[in-house]
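**Q** the amino acid sequence is not available; the structure is as follows:
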């Protein structure tokens with residue numbers, strides 16, 4: 001009993017641990033339900049593109065001493081503009097343009113990160129550090145959780161209509177383009193906020209893994225979203241506890257916990273109805 005109590009209380013005794021647990025809880029609460037729609041609407045590649053494409057903005061913000069959220073937002077805007085410009089050529093196409101632009105921006109970010117004047121611990125931009133979140137990071141995560149929940153609630157009906165009957169959505173007054181743009185906008189904001197805790201390379205875990213884990217085991221949209229949110233929070237908490245007990249990197253531990261949950265959910269047999 002004492003060992004169990006020590007295990008449970010260890011991160012809670014530390015201000016760093018409490019802040020990390022709060023960060024992953026807030027991110028998981030909104031990114032888990034969002035993950036369901038990202039996977040359902042086949043936006044996984046878009047999520048990866050946004051996450052990797054904003055790396056130069058993060059590095060420039062770190063070098064200039066600016067808020068990372070500002071750099072992330074700038075990186076997203078520049079990446080989107082370049083993709084749109086390249087995709088205008090019909091001989092290239094949007095998917096090829098996205099691949100080239102994202103690869104180029106990821107390479108540029110890596111070069112900037114290796115510059116001699118790069119601040120120490122800039123590797124946290126790649127792999128994250130929930131144990132080092134600031135007050136501003138927590139405020140951003142809280143705003144994302146509240147605004148994200150409200151946005152998902154507002155989009156629930158049109159997204160459900162699009163998922164069930166894309167061809168008939170227009171007849172029901174649902175504007176498919178606007179719905180997808182709203183979902184992409186929320187995805188961009190979620191990436192920009194979550195990348196500060198989980199890093200440029202690991203943020204996809206919280207945006208995809210929860211949906212992969214639950215989609216074969218929940219029978220309703222609402223149930224899938226709630227289950228994905230609960231699993232995202234549980235995976236984040238498990239990763240922080242693992243980091244405290246094993247001395248492993250916190251961001252990588254959270255990503256690994258979520259990935260293991262996704263693998264388990266994908267392989268577990270579904271209940272027969």
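**A** Structure received. Small disclaimer: the values here were computed from a predicted structure and weren't measured.

**Q** make it CA atoms for all contacts and neighbour counts henceforth
**A** OK.

**Q** isn't residue 254 up against residue 235?
**A** Yes: the criterion here is CA atoms under 8 Å, and residue 254 meets it with residue 235 at 6.3 Å.

**Q** who has more neighbours, these two?
**A** A direct count of neighbours by other CA atoms under 10 Å for residue 254 and residue 235 places residue 254 higher, at 31 against 28.

**Q** which one is the more buried one nearest to, not counting chain neighbours?
**A** Distance criterion CA to CA, 6 or more residues apart in numbering; nearest residue to residue 254, sequence neighbours excluded, is residue 239 at 3.9 Å.

**Q** the one you found and residue 206: what is the separation?
**A** Separation of residue 239 from residue 206 (CA to CA, to the nearest Å) stands at 12 Å.

**Q** report the set of residues contacting both of the two.
**A** Taking CA atoms under 8 Å, 6 or more residues apart in numbering as the contact criterion, the common neighbours of residue 239 and residue 206 are residue 255.

**Q** out of these two, which sits in the more crowded spot?
**A** Counting neighbours by other CA under 10 Å for residue 239 and for residue 206 shows that residue 206 has the greater number, 32 against 26.

**Q** what's the following helix or strand after the helix or strand harbouring that one?
**A** The secondary structure element spanning residue 206 is helix 204-214 (assigned by DSSP states H and E). Next along the chain after helix 204-214, taking DSSP H and E as the criterion, comes helix 221-246.

**Q** contact partners for the spatially most central residue of the chain?
**A** Residue closest to the mean C-alpha point of the chain, counted by CA atoms, centre = their mean, is residue 207 at 3.9 Å. For residue 207, the set of contacting residues under the criterion of CA under 8 Å, 6+ apart consists of 31-32, 34-35, 38, 47.

**Q** circling back to that earlier point, how close does the residue nearest to residue 254 get to residue 24?
**A** Noted for residue 239: a distance of 9 Å to residue 24, by CA to CA.

**Q** now the common contact residues for those two.
**A** Overlap of the contact sets of residue 239 and residue 24 (by CA under 8 Å, 6+ apart) is empty.

**Q** my guess is residue 241 contacts residue 11, does it?
**A** Yes: under the contact definition of CA under 8 Å, residue 241 touches residue 11, with a separation of 6.8 Å.

**Q** between the two, which one's more packed in?
**A** Neighbours around residue 241 and residue 11, counted as other CA under 10 Å, are more numerous at residue 241. The numbers are 25 against 20.

**Q** and that one, what is it in contact with?
**A** Contacts of residue 241 by CA under 8 Å, 6+ apart are residue 11.

**Q** do the same with residue 242
**A** Contact partners of residue 242, counting by CA under 8 Å, 6+ apart, are 248, 250, 253.

**Q** what do you get for residue 60?
**A** Residues counted as contacts of residue 60 (CA under 8 Å, 6+ apart) are 71, 112.
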